[in-house]
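Colleague: I'll drop the sequence and a predicted model, then ask my questions.
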Amino acid sequence: MVATEQIGVESVMPEFELPSITDGRAVRLSEYRGKKVILFMWASW
């Protein structure tokens, strides 16, 4: 995903989907709409 605009506190995040770490099923951000979500982004090159 390439960010084309800045995202800040209380901004609406763009939709994305990732595999669950527990069972591998696809999890979409929209499944948590209306709930507080903390995203921890980490990468190692």
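Modeller: Yes, it's here.
Colleague: Now the element after the helix-or-strand element of the chain with minimal mean pLDDT, going C-ward?
Modeller: Taking mean pLDDT, DSSP states H and E as the measure, the chain has strand 17-19 as its least confident helix or strand, at a mean of 91. The first helix or strand that comes after strand 17-19 along the chain, using DSSP states H and E, is strand 26-28.
Colleague: Output the contacting helices and strands for that following strand.
Modeller: Packing partners of strand 26-28 (3 or more Cβ pairs under 8 Å, 6 or more residues apart in numbering; DSSP states H and E): strand 17-19. (Glycine included, C-beta is placed from N, CA and C.)
Colleague: Quick check: neighbours of the strand it packs on in the sheet, parallel or antiparallel?
Modeller: Paired neighbours of strand 17-19 in the sheet (DSSP bridges): strand 26-28 (antiparallel).
Colleague: Next, the buried residues of the strand it pairs with.
Modeller: Residues of strand 26-28 classed as buried: Val27 (neighbour count, 16 or more other Cβ atoms under 10 Å).
Colleague: And the closest residue to Ser20 other than its chain neighbours, how far from Glu15?
Modeller: Of all residues not flanking Ser20 in the chain, Val27 sits nearest, at 5.0 Å (Cβ to Cβ, 6 or more residues apart in numbering). In this view, Val27 and Glu15 are 12 Å apart by Cβ to Cβ, to the nearest Å.
Colleague: which other residues reach the least confident helix or strand of the chain?
Modeller: Arg25, Ala26, Val27, Arg28, Leu29 (Cβ atoms under 8 Å, 6 or more residues apart in numbering).
Colleague: how about a cut-off of 10 Å?
Modeller: Residues outside strand 17-19 that contact it (Cβ atoms under 10 Å, 6 or more residues apart in numbering): Arg25, Ala26, Val27, Arg28, Leu29, Ser30, Glu31.
Colleague: related to what we said a few turns ago, residue contacts, the residue nearest to Ser20?
Modeller: Val27 neighbours (Cβ under 10 Å, 6+ apart): Phe16, Glu17, Leu18, Pro19, Ser20, Ile21.
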